[in-house]
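**Q** Using only what follows, build the 3D model:
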Amino acid sequence: MSDDVVKQYNAIYKDRSFERLTLGNLLNKGGAAGKIYEIVGKPKKVAKIFHERQKSNTNRLKLEAMVVNNPNIPSVEAKGVEYVQIAWPEAILEDDEGYCVGYLMPFIDTNAAVSLDHLMQSAVRSKLGLSDKYEYRVMAAYNVALMVASLHRYGHYIIDLKPSNVSIYKKTMTVAMFDCDGFSIRGEEARFPAEFVSEEYIYPEGMSQTPFDMGEEQDKFALAVIIFKLLNNGIHPFSGVVKKNADSTLSIQERIEANHYAYGMWGDSYQGPHPYSTHTFLPQSTLKLFDRAFVKGQTRPTAEEWQAELDFLLKNAKRCKKNPNHVYFTNKGCGLCVADEKLKVNLKSIQEKKAEPKKIRGFEVNKLSLENLEKDKLQHFLNEKKARQITYFSIMFYSIFMTFWPRIMYGLKDDLKQIGVSIQLIVYILFLQLLHFVVKRFKRVLVKRVGSLTISALITYTYCCIIVAICLGNDIEWSRLFRPF
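**A** I've put the predicted structure just below:
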């Protein structure tokens, strides 16, 4: 361990049995929620110790639900090596004072796994020594769908499902899932929601929701995005070539919200497909599932449906004669070869493709590691926490100000009578228009921070305060407001 004090905790298992455990060396410092330690005498287990002791009661309830409702996803054995697929809590850890400090979980060898993000781009695969076989990406997509389907059968949802939050074993393409305590967990009497969700993977209806409100539909959408990217060389299903008549360039999440899916049967008015997309070479059955996932008004495929479709692709894949790393599925031939030929048309594109990129998705290639990704995740968590605190303080200050506004107007009633009620109403109408404009302009941020219900309540409270201020500032009796004309 990093300090000289030997840390010992009590492990409480599903059957309520106890075991005294001693922490060993620190394995990972950078987690947003806690640190990972070895367990003395248990080489196949590790402990996650939370940073914040104040959340002891909340953490305990959620962990108890996870220990009881374990999805029991088995390890995979290949060539005598065991690959643990999910670091699911097996026991609650508490200190001698009875505080829940963390949990016991299976050990996953992080050196044997890489982020799913690293499979998307050819340059990163080459840098990290990963296989360029397209069939491996299909296998990875199948295993991610299998993992999601297994969790859904037990009523658990990942919510913040994105490639950087999913790891894949290099040799088997099976999933290695961490940070399960951040999932939305089904308990016996209540649900314990997730806290985070990431843009570019939020389903359209979720833009008016917080992670607390999201469930299976969010997972189904995010899973479909991941599968599309794995099958289509990292291209996001809502990216594309913006058409010339477009008013402005929208972000990926804004395109999702507006349902600008350019790879469907009917195309899209805002953008066309990416020039190197290979989606047209996929079977019709696969394209129909993508249409169901991304076209407005359709029923999104479940993880089990994707599992069955990807199994179909693996069983019907045909080896490309030109490139042994390529496979294809229809009589149209190899879409990967067609995409490569398009790249060769432009020599500049070839040079950019072969050149080692300085950054991939904001990370320096030479510094790509799970530890750096965890540090970035922690920094994002701290920034998000600070932003929420600022938002809560601003709303509190505004509420207090509106509370005292009628009293202020009462003290100025002599001046207000000279101005007249009509002028006051015009000023208030302009103020309310400004308020609605600000709420509409920053709706996405406000909903993410405090929820749509709080925003609606704040607007209603503003109207009430203004009505009281008008009555007090102009000596209008309440009874006169309800008299017939």
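**Q** CA-only coordinates of stretch 84-98 in CSV, if you can.
**A** Below are the C-alpha coordinates for stretch 84-98, written out as CSV (Å, rounded to 0.1, in the frame of the first residue of the first chain):
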residue,chain,number,x,y,z
VAL,A,84,-13.2,-12.3,-16.3
GLN,A,85,-15.9,-10.4,-18.2
ILE,A,86,-17.3,-8.1,-15.5
ALA,A,87,-16.1,-6.6,-12.3
TRP,A,88,-19.4,-7.1,-10.5
PRO,A,89,-19.5,-6.5,-6.7
GLU,A,90,-19.4,-9.8,-4.8
ALA,A,91,-19.3,-8.4,-1.2
ILE,A,92,-19.7,-5.1,0.6
LEU,A,93,-16.7,-3.8,2.4
GLU,A,94,-17.2,-1.9,5.7
ASP,A,95,-14.8,-0.5,8.3
ASP,A,96,-14.9,-1.2,12.0
GLU,A,97,-17.3,1.7,12.6
GLY,A,98,-19.9,0.1,10.2
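**Q** Buried residues in it, which are they?
**A** 84-95 (16 or more other C-beta atoms under 10 Å). (Glycine included, C-beta is placed from N, CA and C.)
**Q** Stretch 409-427 now?
**A** Here stretch 409-427 shows 409-410, 416, 424 as buried, counting by 16+ other C-beta under 10 Å.
**Q** Out of those residues, flag the one nearest to residue 74.
**A** Among those, residue 409 lies closest to residue 74 (C-beta to C-beta), at 68.6 Å.
**Q** That closest one reaches residue 476, doesn't it?
**A** No: with contact defined as C-beta atoms under 8 Å, residue 409 does not reach residue 476; the gap is 11.4 Å.
**Q** any common contacting residues for these two?
**A** residue 470 (C-beta atoms under 8 Å, 6 or more residues apart in numbering).
**Q** what's around residue 329, how many residues?
**A** Look at residue 329: counted by other C-beta atoms under 10 Å, it has 20 neighbours.
**Q** nope, residue 285 is what I was after
**A** Quick note: residue 285 (other C-beta under 10 Å) scores 12 neighbours.
**Q** my read: it touches residue 309, true?
**A** Yes: with contact defined as C-beta under 8 Å, residue 285 counts as touching residue 309 (6.3 Å).
**Q** in the protein, which segments are predicted with low confidence?
**A** 1-6, 30-32, 54, 346-374, 478-485 (pLDDT under 70).
**Q** Need the residue closest to the centroid of it.
**A** residue 160 (2.6 Å; C-alpha atoms, centre = their mean).
**Q** Now do the contacts for that one.
**A** 182, 194, 196-198, 201, 211.
**Q** May I see the ChimeraX selection of the buried members of the residues you listed?
**A** Buried subset of the contacts of residue 160, written as a ChimeraX selection, criterion 16+ other C-beta under 10 Å:
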select :182,194,197,198,201,211
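**Q** Tabulate the contacts of residue 160 (a markdown table), appending secondary structure.
**A** Shown next, in a markdown table, are those (DSSP: H, G, I helix; E, B strand; the rest coil):
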| residue | secondary structure |
| --- | --- |
| 182 | helix |
| 194 | coil |
| 196 | coil |
| 197 | coil |
| 198 | coil |
| 201 | coil |
| 211 | helix |
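**Q** Tell me which two of the contacts of residue 160 sit farthest apart.
**A** Maximum distance among these (C-beta to C-beta): 14.4 Å, for 182 and 201.
**Q** ends of stretch 409-427, how far apart?
**A** Separation of the first and last residues of stretch 409-427 by C-alpha to C-alpha, to the nearest Å is 13 Å.
**Q** Pull the residues that contact it.
**A** 469-470, 472-475.
**Q** same question, stretch 97-105
**A** Outside stretch 97-105, the residues that reach it (C-beta under 8 Å, 6+ apart) are 9, 11, 21, 34, 39, 45-50, 53, 56-57, 59-60, 63, 66-67, 87-95, 180-181.
**Q** buried set for it?
**A** In stretch 97-105, counting by 16+ other C-beta under 10 Å, buried: 99-105.
**Q** what do you get for stretch 12-30?
**A** 12, 21-24, 28, 30.
**Q** ok, now stretch 388-395?
**A** In stretch 388-395, counting by 16+ other C-beta under 10 Å, buried: 391, 395.
**Q** Please apply the same query to stretch 288-299.
**A** Applying 16+ other C-beta under 10 Å to stretch 288-299 flags 289-295 as buried.
**Q** and the gap between residue 224 and residue 395?
**A** 35 Å (C-beta to C-beta, to the nearest Å).
**Q** no wait, residue 252
**A** In terms of C-beta to C-beta, residue 252 sits 29 Å off from residue 395.
**Q** again with residue 309
**A** Counting by C-beta to C-beta, the gap from residue 309 to residue 395 is 46 Å.
**Q** just so I have it, where are all the helices in the stretch 251-400 of the chain?
**A** For the stretch 251-400 of the chain, the helices defined by DSSP state H, counting those that start in this stretch occupy 252-257, 284-294, 303-316, 335-345, 347-354, 370-411.
**Q** Dump the helix or strand that the last one is followed by to PDB, restricted to CA.
**A** Translated: helix 370-411. Next helix or strand after helix 370-411 toward the C-terminus (DSSP states H and E): helix 413-419. Output of helix 413-419 as PDB, limited to C-alpha atoms (Å, rounded to 0.1, in the frame of the first residue of the first chain):
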ATOM      1  CA  LYS A 413     -45.700  51.800  -4.800                       C
ATOM      2  CA  ASP A 414     -45.800  55.700  -4.900                       C
ATOM      3  CA  ASP A 415     -43.400  55.800  -7.800                       C
ATOM      4  CA  LEU A 416     -45.200  52.900  -9.500                       C
ATOM      5  CA  LYS A 417     -48.500  54.700  -9.400                       C
ATOM      6  CA  GLN A 418     -47.000  57.500 -11.400                       C
ATOM      7  CA  ILE A 419     -45.600  55.100 -14.000                       C
END
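**Q** Turn the buried residues of stretch 288-299 into TSV, including distance to residue 139.
**A** Converted to TSV, the buried residues of stretch 288-299 look like this (distance: C-beta to C-beta, whole Å):
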residue	distance to residue 139
289	18
290	19
291	24
292	23
293	20
294	23
295	27
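**Q** For residue 155, state which of the residues you listed is nearest.
**A** Using C-beta to C-beta, the buried residues of stretch 288-299 come closest to residue 155 at residue 293, 21.3 Å.
**Q** picking up where we left off before, output the contacts of residue 160 in JSON lines, with distance to residue 156 appended to each entry.
**A** Formatted as JSON lines, the contacts of residue 160 follow (distance: C-beta to C-beta, whole Å):
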{"residue": "182", "distance to residue 156": "11"}
{"residue": "194", "distance to residue 156": "10"}
{"residue": "196", "distance to residue 156": "15"}
{"residue": "197", "distance to residue 156": "15"}
{"residue": "198", "distance to residue 156": "18"}
{"residue": "201", "distance to residue 156": "17"}
{"residue": "211", "distance to residue 156": "14"}
